[in-house]
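Novice: give me a 3D structure for the following:
(one chain, ligands or ions: 1)
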Amino acid sequence: MNDQPLPDRAPEEPAPESTVRPPVRCRLCGRPLTGRASRRTGLGPACDAKLHPDRPDIRPRRHDVEQEPLF
Ligand SMILES: [Zn+2]
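Specialist: Have a look, this model is predicted:
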């Protein structure tokens, strides 16, 4: 049962040059960025967190590590 007809056109058509965008790479580590936000900032999520550990728009949340154990 191997008589499947081949498609007329190639499975992978080359995209027109106008739609091809150069891959955006992280300016810190050089890894290709896939996320929209990462491409906008030019940083990967990990490097972005490294450069901006404390964002001013994020409310400081205290960790409850200083709480005494309840048991
Ligand atoms: Zn990076």
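Novice: I'd like the distance between Leu43 and Ala49.
Specialist: Spatial separation of Leu43 from Ala49 under the definition Cβ to Cβ, to the nearest Å is 9 Å. Every C-beta, even on glycine, is put in place using the N, C-alpha and C of the backbone.
Novice: and the two? Which one has more around it.
Specialist: With other Cβ atoms under 10 Å as the criterion, Leu43 and Ala49 differ in neighbour count, and Leu43 comes out ahead with 20 against 11.
Novice: for stretch 21-33, which positions count as buried?
Specialist: 26, 33 (16 or more other Cβ atoms under 10 Å).
Novice: torsion angles phi and psi at Leu43?
Specialist: Leu43 adopts backbone torsions of phi -130, psi 140, taken as degrees, to the nearest 10.
Novice: am I right that it is in contact with Leu51?
Specialist: Yes - counting by Cβ atoms under 8 Å, a contact exists between Leu43 and Leu51, whose distance comes to 6.6 Å.
Novice: what touches both of the two?
Specialist: Leu28 (Cβ atoms under 8 Å, 6 or more residues apart in numbering).
Novice: and the protein, which residues reach the ion?
Specialist: Within the chain, the positions adjacent to the ion are 26, 28-29, 44, 47 by Cβ under 5 Å from the ion.
Novice: I figured Thr41 was touching Asp48, is that so?
Specialist: Yes - with contact defined as Cβ under 8 Å, Thr41 counts as touching Asp48 (5.9 Å).
Novice: measure the residue nearest to Gly35 when sequence neighbours are not counted to Pro5 for me?
Specialist: Counting by Cβ to Cβ, 6 or more residues apart in numbering, Pro45 is the residue found nearest to Gly35 once chain neighbours are left out, at 6.9 Å. The gap separating Pro45 from Pro5 is 45 Å, by Cβ to Cβ.
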